[in-house]
Each structure stands twice: as C-alpha cells, then as structure tokens.
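> here are the coordinates; sequence isn't available:
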Ligand SMILES: [Zn+2]
C-alpha cells in the first residue's frame, strides 16, 4: 500500500463517521513499516466528547497495540515498547539526551489538516511524518473553525479567547518538586 491507499482509508473512515452520525468528516490512519497500525475517526457526536478526534483516537489505539500489558507498564516495565528510552537525534534542541520511543518511525494520514490539539498529540507521540488531505481553509469553509486556535496561540495570554493567567506559582512548584526529587523518575 502507498500514500494514496492510506489516505483513501482515512477518507473511508471519515465518510463512515458522517454517514453514521458519529461525528465530523475526519478519519485517520497510522502506519508502521508500511502497514496500517491503527485507525481513528471523529466520534464527537457519538460520545459528546470534544476530544474524540480521529488523530487522538488513532494514537490511543496505536499505543494500546504496542503496549499490550498497560497499565502495569509504568510500575513494572519502564523500558518496554513505547516507553523505551532512545537517544535524541544530532542537533536536537531537546535539553534531555534521550526520550521515550512512543510512535517514532510511524506516519499519520488524516483526511483534514490536524487541529492544534491533534497536532500537539502528534508531537507528544513523536510521529515522524503527517500527511493531510483537506487544508485548514477548506475545513473552515465547511464550518469547523480549527484555524482560529492556531491564530489564538500567537497572541499574548491576556488577548486569548479563553482566560488564562498564572496564580500561586509556589503551589505549582510543589508538584514539580515531587518529580525532581523522585530518584527513580523515568523521563519520557
Ligand atoms: Zn483534532
């Protein structure tokens, strides 16, 4: 299978979601070593969950497949599968020398350009490459305003659409101290 077949499968999932009334026209396929590892589709209308986007669903399924023994993984098997630590590439701006493997080596195909939430999930997943069909402008034209979030992020905090401000930084620091003072903490 190649690019076109993977994108066609993402579009099939998107169309299925629309026809069943499950959600918007968004479907996703994650591939590994040339094969489909996981699929996802928008199910916001089915679940009422605003985070039930195709990309997030596909990432969660891919992780479940690669970590069949989760959730015990954090306690018993820190170096298995997606939590295995691998060196950062030469020239990486990352301050840590190694990170968890997550979905390195995978490719994501999605029918519409990822929203910021999904794009962020893709960064956390360390997916290598993203291919999208429709762009953000086309998404905006059919009534899904993903683009405004990208625009909002560029503004200072006090001009954002959602009120966000820092309070009691000393309390936030308590949680961070719990991490930094844990001698066996496992970076990811
Ligand atoms: Zn999304």
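Done, it's in. Fair warning: this is a prediction, and the values are worked out from it, not measured in the lab. Numbers count the residues shown, from 1 in each chain.

> So residue 179: helix, strand or coil?
Under the three-state scheme (DSSP: H, G, I helix; E, B strand; the rest coil), residue 179 adopts helix.

> swap that for residue 86, sorry
Using three-state DSSP, the structure places residue 86 in strand.

> what are the phi and psi values for the residue most central in space within the chain?
The central residue of the chain, meaning the one whose C-alpha is nearest the mean C-alpha position (CA atoms, centre = their mean), is residue 121 at 2.1 Å. With angles defined as degrees, to the nearest 10, residue 121 shows backbone torsions of phi -60, psi -30.

> Give me the helix or strand of the protein that scores worst on average pLDDT.
For the chain, using mean pLDDT, DSSP states H and E, the weakest element among its helices and strands is helix 73-76, scoring a mean of 56.

> buried residues in the longest helix along the chain?
Looking across the chain with DSSP state H, the single longest helix is helix 3-20. Of the residues in helix 3-20, 6, 7, 9, 10, 11, 13, 14, 17, 18 count as buried by neighbour count, 16 or more other CB atoms under 10 Å. C-beta coordinates here come from the backbone N, C-alpha and C atoms, glycine included.

> And stretch 33-49, by the same measure?
Here stretch 33-49 shows 36, 37, 38, 39, 40, 41, 42, 43, 44 as buried, counting by 16+ other CB under 10 Å.

> and this protein, which residues reach the ion?
53, 115, 117, 118 (CB under 5 Å from the ion).

> No further queries at this time; thank you.
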